[in-house]
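Colleague: I'd like to go over a predicted model; first the sequence, then the structure.
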Amino acid sequence: MRDLWESREALARGEIALDYILDELYKNIEKREPVIHAFLSLAEKEELGTKAKEKQNALLLGLPIAIKDNICTLDFPTTCGSRLLANYRSPFEATAVARLRAAGGQVQGKTNLDEFAMGSSTEHSAFGPTRNPWDPERVPGGSSGGSAAAVAAGEALAALGSDTGGSVRQPAALCGVVGLRPTYGLVSRFGLVAFASSLDTIGPITRTVRDAALILSIIAGHDPRDSTSLTFPPQDYWTDLRPKLAGLRLGLPREYAPKELGEEALALIDRWSTVAEELGAQVLEISLPLTEYALPAYYLIASAEASANLARYDGVRYTLRILAPGVAEMIAQSRTLGFGPEVKRRIALGTFALSAGYYDQYYGKAQRVRTLIAQEFQSAFEKVDLIFGPTSPTPAFRLGEKADPLSMYLSDLFTIPSALAGLPAISIPGGTIEGLPFGLQLIGPRLSERTLLAAAWAFEEALR
Ligand code: GLN
């Protein structure tokens, strides 16, 4: 199947019509969507075809992009996978979506996710799980599981996801597609429903590295409506991008290749090292000893921020309202019925961590650990240009397999440290284990997206 860019090129050359591309996508949707359940809402094929006619001079020529349902769009509800927002319609559109539209893209529909993006399997959606296109008994990863599954199943050409601690990269890895988490602040968070504001990012999930670069070029750039948006001159990540690993020093952290990963995963990691060396890179073993503290620090910081961000769902604004005698009772009942168990767990943990007397012991300490982790990456990047390793410790697991929260949290072991440090990172298909995709992750210094994408592209070509 063509990627987004090839589709655009074939359209521009008049080799195929948009209707043909839409037919292909919607045939896959008809065939696979009843099992996969990647979308929570979906545009009519005919409507996309009609609206594309107004976009004939723009870069993307009316091609559809699927959008994770915690990113606000005008033409569909934005539910965040929550009962509480089941009918919520945003009065404004996220900057990333507005930029895609301005570049000639269209919103194909909204994709399924773990409620408020909290999870790693898309099983925490209030609207039922998404299934992995490689094996419907398995999860697609999460929280952007709908976006990754839609692209992997050929139901979408490309998608947007959000990555707070791994939610673009981990589902991309488990579904065998590409997922890019940009440097924190490079893509506007305006219109992304807040989970943990100091960690939240929007990133593309695509079939190819080149498509991730194309979408990044469109959605990146300063936005005065996001106070953490970087004032960094707009960059083109794409036009003259070429695959390149030659001359790079690549660090493989010992902590990202522990024995516990198993022989097959370790063999793939060896293969990646060999491929990199064959392409002219130098592979160095490095150590990031603070890796083991990233998970506890993340779950304190992310939950603390979530407990504050989710306080706005009070049954009055936005949302599901359960009528009860008295305001306090109405708020309590609306939240009790509206939020699922994982969201409640995070709110409880975050509220406790922030409570008087505990603030410094938990949140303050976690913030200090976060600073140390960022410094550890910074010193590593004095010795190497990029870091690589697996995206997630295992390929896709079975639905229901990770019933206790901690075992679920562990699937983000390798994506959380770089998220805490605000670094860009990409997951690309790195091979298979027992017939299931296993993701290769590359992590770079802040704003190193061009180097990162060029290296990922070289790996992609070599590993295809
Ligand atoms: N799985 C992680 C969590 O549950 C990361 C989620 C995300 O990046 N949105 O918090």
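Modeller: Everything's here; your move. Numbers count the residues shown, from 1 in each chain.
Colleague: For the spatially closest residue to residue 351 that is not a sequence neighbour, give its distance to residue 370.
Modeller: Distance criterion CB to CB, 6 or more residues apart in numbering; nearest residue to residue 351, sequence neighbours excluded, is residue 307 at 4.6 Å. The C-beta positions use only the backbone N, C-alpha and C, and glycine is treated the same way. Using CB to CB, to the nearest Å, residue 307 is found at 17 Å from residue 370.
Colleague: higher neighbour count, the two?
Modeller: residue 370 (24 against 20; other CB atoms under 10 Å).
Colleague: show me the contacts for that one.
Modeller: Counting by CB atoms under 8 Å, 6 or more residues apart in numbering, residue 370 makes contact with 297, 301, 420, 421.
Colleague: Could you confirm the second one falls within a helix?
Modeller: Yes. Assigned with DSSP: H, G, I helix; E, B strand; the rest coil, residue 301 falls within a helix.
Colleague: wait, what's in contact with it?
Modeller: 196, 198, 199, 363, 366, 367, 370, 420.
Colleague: Single out the residue in the stretch 251-400 of the chain that lies closest to the ligand.
Modeller: Nearest residue of the stretch 251-400 of the chain to the ligand: residue 302, at 5.4 Å (CB to the nearest ligand atom).
Colleague: which element is the closest residue to that residue other than its chain neighbours on?
Modeller: Distances taken as CB to CB, 6+ apart put residue 196 closest to residue 302, at 4.0 Å, once the chain neighbours are dropped. Using DSSP states H and E, residue 196 falls within no helix or strand.
Colleague: number of nearby residues for residue 196?
Modeller: Neighbour tally, residue 196, other CB under 10 Å: 23.
Colleague: Show me what whatever helix or strand residue 202 lives in is packed against.
Modeller: Using DSSP H and E, residue 202 falls within strand 201-206. If contacts are counted by 3 or more CB pairs under 8 Å, 6 or more residues apart in numbering; DSSP states H and E, strand 201-206 sits against helix 145-152, strand 158-163, strand 178-181, helix 209-219.
Colleague: Wondering if the shortest one reaches the ligand at all.
Modeller: So the one you mean is strand 178-181. No. Against the ligand, strand 178-181 shows no contacts by CB under 6 Å from any ligand atom, the least distance being 8.6 Å.
Colleague: Let me see the residues that make contact with that strand.
Modeller: Residues from elsewhere that reach strand 178-181 (CB under 8 Å, 6+ apart): 144, 148, 161, 163, 166, 168-173, 201, 203-209, 211-212, 216, 415, 418-419, 424-429, 449, 453, 456, 460.
Colleague: do the longest one as well
Modeller: By CB under 8 Å, 6+ apart, the list of residues contacting helix 209-219 from outside reads 3-5, 59-60, 65, 95-96, 99-100, 103, 105, 157-158, 160, 178-180, 182, 187-188, 202-204, 206, 235-239, 241, 426, 428, 449, 453, 456-457, 460.
Colleague: What subset of those is buried?
Modeller: 3-5, 59-60, 65, 95-96, 99-100, 103, 105, 157-158, 160, 178-180, 182, 187-188, 202-204, 206, 237-238, 241, 426, 428, 449, 453, 456-457, 460 (16 or more other CB atoms under 10 Å).
Colleague: Name the member of the contacts of residue 301 that has the highest neighbour count.
Modeller: residue 420 (28 neighbours).
Colleague: so it touches residue 294, yeah?
Modeller: Yes. Using CB atoms under 8 Å, residue 420 makes contact with residue 294 at a distance of 5.8 Å.
Colleague: any shared contact partners between these two?
Modeller: Taking CB under 8 Å, 6+ apart as the contact rule, residue 420 and residue 294 both touch residue 373.
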